[in-house]
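Q: please find the sequence and the predicted model below.
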Amino acid sequence: MMHRKRRRILVGLVAGGIGLSVVLFGGYGLNLVSAVDRSTYEDLEAFTNVLAIVRKNYVEETETQALIEGAINGMLGALDPHSAYLTPDSYKELQVDTEGSFGGLGIEITIRDGILTVVSPIEDTPAYRAGVQAGDQIIKINDELTKDMSLIQAVKKMRGKQGTEITISVRREGVPRLIDVPLVREVIQIRSVKSKTLEDGYAYIRVTQFQDQTSHDLDAALQKLGQENGQLQGMVLDLRNNPGGLLSQAVKVSDLFLSSGMIVYTEGRLESQQQKYFAHPGGYTDIPMVVLVNGGSASASEIVAGAVQDHGRAVVLGTKTFGKGSVQTILPVDGGAALRLTTAMYFTPNGRSIQVTGIAPDIELENLPEAYAAARRRHGVREENLSGHFDSISSTPGTADDSPADAEAAPQALPEIDIKEGELGKDPQLDRALDLLKSWKVFQTTVAEAKG
């Protein structure tokens, strides 16, 4: 991927590989072959002529397969940031990724303004434990400059066997010198659901990605917490820095908390892409709930947050989400490769498009002091920062980012802070969420007593 063709890549499978942490799989039957007009055949003839000229005249001997793959990559790169050609190896890595186990460093990366940039480190991975942060710019990989290096090339540089060492040098806002980060590659096992009791009767569930077993694991976690606490008085669903995953799992997770009504619907060019997904009776529909989101909450996370928000089922707290409202379908092709193709846009039950605008929380609360928040707004990566993104489907006033222009200047020397997401007393957003749940319990008790 060049400056014009940004992709989000998860550094996986021995520190590399095209990971699709934001990809949503739709179960669509697509028309793969359609009528081609005469001008298209003329363009294809021009392509074959260029191919022949390159093979004959280029300074080095070239492989036809490599040239064709490059042409396919260029074609898909001209569409939008989430459509791509997956080589057989990349396709296999994608399947491993969604199963939740792969090797690597645990860094999700993109290219922003021509610079290799960290979107987010994955929790409980070498990169996370070493202190790699969202917005860090990777300037060197083992002393080799990453300038003009494509994502695929960078991934290959970071690949290696489990237990081998690698050093990345990052540039960070507010730090005058490059930071050398030594890492040891390891097999990454991602638990998509983590849970614990915050206080007696109040549960905390963190979903890190939407994988094959996420809804099952979430259901099991809630049952276990219910057994430990008796009837739950409230719960916090943490979707912060959750980059997405499987559409089917986003629907199933939402269904756990909704008893009826629409969860999400999709619209595309083909009739088969007009899909509607509905909730069913049962689940955990009577537990007061707060959902935590931030700029790293994308795709499937936004479907869940948007669904419970539209139904009035939960209070959404945090900061505006990433804003990825497109659906990608994986289409296998000959030779074990596949296309990841944007085929539809999704909408919340009330008809809101999340594309670019994201989900605006009911209660907006940064988890950082303002100086840090300004730096994050400047260097955080959202859908609107990706070259070639689709514009917002609607033009509803007030949905654009209204951050002040002068917020991008953060102080050179920032005071140390001790923010630990998921820990009471060290996580302002979580503290506020628990206070809200307790207040709701007091309110219910007061109303019940007044009626009695």
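A: Done, it's in. Numbering: from 1, shown residues only.

Q: how about the contacts made by Ile354?
A: 302-303, 306, 321, 323-325, 346-348 (Cβ atoms under 8 Å, 6 or more residues apart in numbering). No exception for glycine: its C-beta is placed from N, CA and C like everyone else's.

Q: residue ranges with poor pLDDT in the stretch 251-400 of the chain?
A: By pLDDT under 70, the low-scoring segments of the stretch 251-400 of the chain are 368-400.

Q: at which residues are the strands of it located?
A: For the stretch 251-400 of the chain, the strands defined by DSSP state E, counting those that start in this stretch occupy 262-268, 275-278, 289-293, 315-318, 326-332, 338-347, 363-364.

Q: and what of the stretch 51-200 of the chain?
A: 84-86, 101-104, 107-112, 115-121, 137-141, 144-145, 165-171, 179-184, 186-189, 193-199.

Q: sorry, back to before: ranking the strands of the stretch 251-400 of the chain by burial, who's on top?
A: Neighbour counts (mean count of other Cβ atoms under 10 Å) averaged over each of these peak at strand 289-293, with a mean of 28.

Q: how far off centre is it?
A: From the chain centre to the centre of strand 289-293 is a distance of 17 Å (Cα atoms, centre = their mean, to the nearest Å).

Q: just to revisit the earlier point, out of the strands of the stretch 251-400 of the chain, which is closest to Arg172?
A: strand 315-318 (23.0 Å; Cβ to Cβ).

Q: what packs against that closest one?
A: strand 289-293, helix 300-310, strand 363-364, helix 428-451 (3 or more Cβ pairs under 8 Å, 6 or more residues apart in numbering; DSSP states H and E).

Q: save these as a markdown table, and put in distance to Glu42 too.
A: Shown next, in a markdown table, are these (distance: least, Cβ to Cβ, whole Å):
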| stretch | distance to Glu42 |
| --- | --- |
| strand 289-293 | 49 |
| helix 300-310 | 42 |
| strand 363-364 | 54 |
| helix 428-451 | 57 |
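
Q: rewinding a little: among the contacts of Ile354, who's most crowded?
A: For these, the largest neighbour count, defined by other Cβ atoms under 10 Å, is 32 neighbours, found at Lys324.

Q: which residue ranges make up the domains of the protein?
A: With domains defined by automatic domain parsing, the chain comprises 9-23+82-188, 193-397+419-445.

Q: quick check, central residue of this protein?
A: With distances taken as Cα atoms, centre = their mean, the residue of the chain nearest its centroid is Pro243 (1.9 Å).

Q: on the three-state scheme, it is what?
A: coil (DSSP: H, G, I helix; E, B strand; the rest coil).

Q: surely it touches Gln209?
A: Yes - contact status for Pro243 versus Gln209: in contact at 6.8 Å, counting by Cβ atoms under 8 Å.

Q: of the strands of the stretch 251-400 of the chain, which is nearest Asp200?
A: The closest of the strands of the stretch 251-400 of the chain to Asp200 is strand 289-293. By Cβ to Cβ, the value is 17.3 Å.

Q: shaky segments in the stretch 101-250 of the chain?
A: In the stretch 101-250 of the chain, residues with pLDDT under 70: 101-103, 152.

Q: okay, Gln429: pLDDT?
A: What the model reports as pLDDT for Gln429 is 96.

Q: please determine how far the nearest residue to it once chain neighbours are set aside is located from Pro121.
A: In space, and not counting its chain neighbours, Gln429 is closest to Asn367: 4.9 Å by Cβ to Cβ, 6 or more residues apart in numbering. To Pro121, Asn367 is 16 Å away according to Cβ to Cβ, to the nearest Å.

Q: more neighbours: which of the two?
A: Neighbour count, other Cβ under 10 Å: between Asn367 and Pro121, Pro121 has more, with 24 against 21.

Q: among the domains of the chain, which is nearest Arg38?
A: Set against Arg38 and scored by Cβ to Cβ, the domains of the chain come closest in domain 193-397+419-445, at 22.3 Å.

Q: sorry, back to before: out of the contacts of Ile354, the closest to Gly296 would be?
A: Using Cβ to Cβ, the contacts of Ile354 come closest to Gly296 at Thr321, 8.3 Å.

Q: how close does that closest one get to Glu60?
A: For Thr321, the distance to Glu60 - Cβ to Cβ - is 46 Å.

Q: ditto for Val316
A: Counting by Cβ to Cβ - Val316 and Glu60 are separated by 55 Å.

Q: now Ile53
A: 14 Å.

Q: which of those two has more neighbours?
A: Ile53 (10 against 4).

Q: so for the more buried one, what's the pLDDT?
A: 95.

Q: show me the contacts for it.
A: Ile53 neighbours (Cβ under 8 Å, 6+ apart): none.

Q: then Asp427?
A: 367, 419-421.

Q: most widely separated two among those residues?
A: Farthest pair in the contacts of Asp427, by Cβ to Cβ: Asn367 and Lys420, 10.2 Å.

Q: using CSV, write out every CA atom in stretch 139-151.
A: Once non-C-alpha atoms are left out, stretch 139-151 reads as follows in CSV (Å, rounded to 0.1, in the frame of the first residue of the first chain):
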residue,chain,number,x,y,z
ILE,A,139,10.4,4.9,11.6
LYS,A,140,12.8,1.9,11.6
ILE,A,141,12.6,-1.9,11.6
ASN,A,142,15.9,-3.4,12.8
ASP,A,143,17.7,-0.1,11.8
GLU,A,144,16.1,-0.1,8.3
LEU,A,145,14.2,3.0,7.5
THR,A,146,10.5,2.4,6.7
LYS,A,147,10.2,5.5,4.5
ASP,A,148,8.5,4.6,1.2
MET,A,149,8.1,1.0,2.5
SER,A,150,4.7,-0.6,1.7
LEU,A,151,2.6,-2.3,4.3
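
Q: show me what Arg340 is bridged to.
A: Ala84, Ile330 (DSSP bridges).

Q: was I right to think it contacts Ser83?
A: Yes - counting by Cβ under 8 Å, Arg340 does reach Ser83; the two are 6.1 Å apart.

Q: circling back to that earlier point, between the strands of the stretch 51-200 of the chain, which gets nearest to Ser439?
A: Nearest to Ser439 among the strands of the stretch 51-200 of the chain is strand 193-199 (13.8 Å), distances taken as Cβ to Cβ.

Q: can you show me the CA trace of the closest one as PDB?
A: In PDB, the C-alpha atoms belonging to strand 193-199 read as follows (Å, rounded to 0.1, in the frame of the first residue of the first chain):
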ATOM      1  CA  VAL A 193     -14.000 -11.900  25.900                       C
ATOM      2  CA  LYS A 194     -12.700 -11.000  29.300                       C
ATOM      3  CA  SER A 195     -14.900 -10.600  32.400                       C
ATOM      4  CA  LYS A 196     -14.800  -9.800  36.100                       C
ATOM      5  CA  THR A 197     -16.900  -8.500  39.000                       C
ATOM      6  CA  LEU A 198     -16.400  -4.800  39.600                       C
ATOM      7  CA  GLU A 199     -18.300  -4.700  42.800                       C
END
